[in-house]
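Enquirer: My questions concern the predicted model and sequence given below.
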Number of protein chains: 2
Amino acid sequence: MADKINSDVHLALVHYPVYNKVGEVVTSSITTLDVHDISRVTKTFAVNSFYVVTPLKTQRQLVERLIEHWMTGYGAKYNPTRKEALLTTRVTNNLKETIRDLTERCGQKPATVATGARRFPKGIGFHQLREEISTGKPILLLFGTGWGLEKSILREVDYVLDPIDGIGEYNHLPVRAAIAIILDRLLVR
Amino acid sequence: MADKINSDVHLALVHYPVYNKVGEVVTSSITTLDVHDISRVTKTFAVNSFYVVTPLKTQRQLVERLIEHWMTGYGAKYNPTRKEALLTTRVTNNLKETIRDLTERCGQKPATVATGARRFPKGIGFHQLREEISTGKPILLLFGTGWGLEKSILREVDYVLDPIDGIGEYNHLPVRAAIAIILDRLLVR
């Protein structure tokens, strides 16, 4: 078991506004596997909450039903590791609501950090963000589904995290993989 | 872009023999999303081949069809980043066949490294395995689906990689997330 750094990190998986493959701004669909995978990863790294963010009411209901299934009754008994992972998973309408909820829960506004595959002027490196995190102040990491967070979000956030450098030019990590790597880099080593 | 260390790393996703939730030895089903996700992750970290290993003929055919769809014709045009990721993806029957294929391709037998959520006597740490990798000799990393690789595999391999330490006791990372973190730890930093 790794040492817990003094952290108050939260994560949001954003389904709008994001880009699609051809650069249009869209609302992406919820992938239920994302909800399970990312819940397990956030639980592993002691992230304090995982927000699934979508403006589509039916999609929010889908996630709420999924959480309810695994938290109570048959699902909770069938696979308790799913239940445990979903304890901190929440559903919100948009980023504003997410930040408001978090501000109420933490007693202060979180610093917002966007992630993505490109480098930006207000970029923050992994080492520097790790130092910010270790001060213990609340941090909200934003991940875009589809082809990434729309530029209005990148303008509004406090920081944009430097991209994950792989080896070579290929630059298309699934969001599930990017979240795993980023949390491991920020919270464990 | 990170520096490429002088590596010849390969990866196998094993669907038999693995454990299920109650500790029985089973053949797990192929998850097509695993094939896409892990192909993208291996491409990102310049892993030289990704073997999908299953004894079930219909499942191997499913993956072969999937690869063909994205490599040629409509799929290749619709999403070229999938095509590029799948270039090194292969399908094999069992581990023996995988090692034989790799030995032929590399001109020498690869060192085999099992991964999992538990610590073993013949465990190798991330730092030590990184050093092995940087010698340039071929290394085959084995990942188990379901609830992990069966013990006969752990006995036969050259090394068992130490588990990923999270924060706290929770120890149920999805295999997709574990692969992303392990490749990042071994090949980038």
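Expert: Thanks, I have the structure now.

Enquirer: hmm, the lowest-mean-pLDDT helix or strand in chain A in reach of chain B?
Expert: Every helix and strand of chain A was ranked by mean pLDDT, DSSP states H and E. The lowest is helix A:73-78, at a mean of 83. No - applying Cβ under 8 Å from any Cβ of the partner chain, one finds helix A:73-78 separated from chain B by no less than 8.6 Å. Every C-beta, even on glycine, is put in place using the N, C-alpha and C of the backbone.

Enquirer: tell me what that helix is packed against?
Expert: helix A:80-86 (3 or more Cβ pairs under 8 Å, 6 or more residues apart in numbering or on different chains; DSSP states H and E).

Enquirer: After the helix it packs on, which helix or strand is next?
Expert: Where DSSP states H and E defines the elements, the next helix or strand beyond helix A:80-86 is strand A:89-92.

Enquirer: What residues of the next helix or strand after that following strand count as buried?
Expert: Going down the chain from strand A:89-92, the next helix or strand is helix A:95-106, by DSSP H and E. When burial is assessed from 16 or more other Cβ atoms under 10 Å in any protein chain shown, helix A:95-106 yields the following buried residues: A:95, A:98-99, A:102, A:106.

Enquirer: repeat for stretch A:51-66
Expert: Buried, per 16+ other Cβ under 10 Å, within stretch A:51-66: A:51-54, A:59-60, A:62-63, A:66.

Enquirer: contact partners of the least confident helix or strand of chain A?
Expert: A:69-70, A:82-83 (Cβ atoms under 8 Å, 6 or more residues apart in numbering or on different chains).

Enquirer: among those residues, who's most crowded?
Expert: A:Trp70 (24 neighbours; other Cβ atoms under 10 Å in any protein chain shown).

Enquirer: check contacts around the closest residue to it other than its chain neighbours.
Expert: Setting aside the residues directly before and after it, A:Trp70 is nearest to A:Arg82 in space (Cβ to Cβ, 6 or more residues apart in numbering or on different chains), at 4.6 Å. By Cβ under 8 Å, 6+ apart, the contact set of A:Arg82 is A:36, A:39-40, A:70, A:75.

Enquirer: Between which two of those residues is the distance greatest?
Expert: A:Arg40 and A:Gly75 (14.8 Å; Cβ to Cβ).

Enquirer: about what we covered before: could I get the contacts of A:Arg82 as CSV with distance to B:Leu173?
Expert: CSV is the format used below for the contacts of A:Arg82 (distance: Cβ to Cβ, whole Å):
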residue, distance to B:Leu173
A:His36, 12
A:Ser39, 11
A:Arg40, 6
A:Trp70, 17
A:Gly75, 20
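
Enquirer: top of these by neighbour count?
Expert: Within the contacts of A:Arg82, most neighbours by other Cβ under 10 Å means A:Ser39, with 26 neighbours.

Enquirer: Regarding it, which helix or strand does it belong to?
Expert: helix A:32-44.

Enquirer: in that helix, what's buried?
Expert: For helix A:32-44, using 16+ other Cβ under 10 Å, the buried residues are A:34-44.

Enquirer: Return only those of these found close to chain B.
Expert: A:36-37, A:40-41, A:43-44.

Enquirer: Flag every residue of chain A that's near chain B.
Expert: A:1-4, A:21, A:33, A:36-37, A:40-41, A:43-46, A:79, A:81, A:84-85, A:164-174, A:176-181, A:184-185, A:187-189.

Enquirer: Derive a PyMOL selection command for the buried subset of these.
Expert: Restricted to buried positions by 16+ other Cβ under 10 Å, the PyMOL selection for these reads:
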select buried, chain A and resi 36+37+40+41+43+44+45+46+84+85+164+166+167+170+171+172+173+174+176+177+178+179+180+181+184+185+187+188
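
Enquirer: can you tell me which of the residues of chain A next to chain B are in helices?
Expert: Judged by DSSP state H, these include A:33, A:36-37, A:40-41, A:43-44, A:81, A:84-85, A:176-181, A:184-185, A:187 as members of helices.

Enquirer: what's the span of stretch A:144-158, first residue to last?
Expert: One end of stretch A:144-158 to the other measures 16 Å (Cα to Cα, to the nearest Å).

Enquirer: which residues make contact with that stretch from outside it?
Expert: So stretch A:144-158 is in contact with A:13-15, A:17-21, A:23, A:25-26, A:28, A:31, A:34, A:95, A:111-117, A:120, A:142-143, A:160, A:175, going by Cβ under 8 Å, 6+ apart.

Enquirer: what's the angle from the longest helix out of those in chain A to helix A:32-44?
Expert: Under DSSP H, the helix in chain A containing the largest number of residues is helix A:57-71. Interaxial angle, helix A:57-71 versus helix A:32-44 (axes from the mean of the first three to the mean of the last three Cα atoms, to 10 degrees): 50 degrees.

Enquirer: Could you name the helices and strands sitting against helix A:57-71?
Expert: helix A:32-44, helix A:80-86, strand A:89-92.

Enquirer: Report the distance from that helix to the chain centre.
Expert: How far helix A:57-71 lies from its chain's middle: 17 Å, per Cα atoms, centre = their mean, to the nearest Å.

Enquirer: Give me the contacts around it.
Expert: Contact with helix A:57-71 is made by A:15, A:29-30, A:32, A:35, A:52, A:54, A:75-76, A:79, A:82-83, A:86-87, A:89, A:91-93, as judged by Cβ under 8 Å, 6+ apart.

Enquirer: Equivalent analysis for stretch A:27-36, please.
Expert: By Cβ under 8 Å, 6+ apart, stretch A:27-36 touches A:13, A:15-18, A:20, A:52, A:54-56, A:59, A:62-63, A:66-67, A:82, A:85-86, A:89, A:145-146, A:175-176, B:33, B:174.
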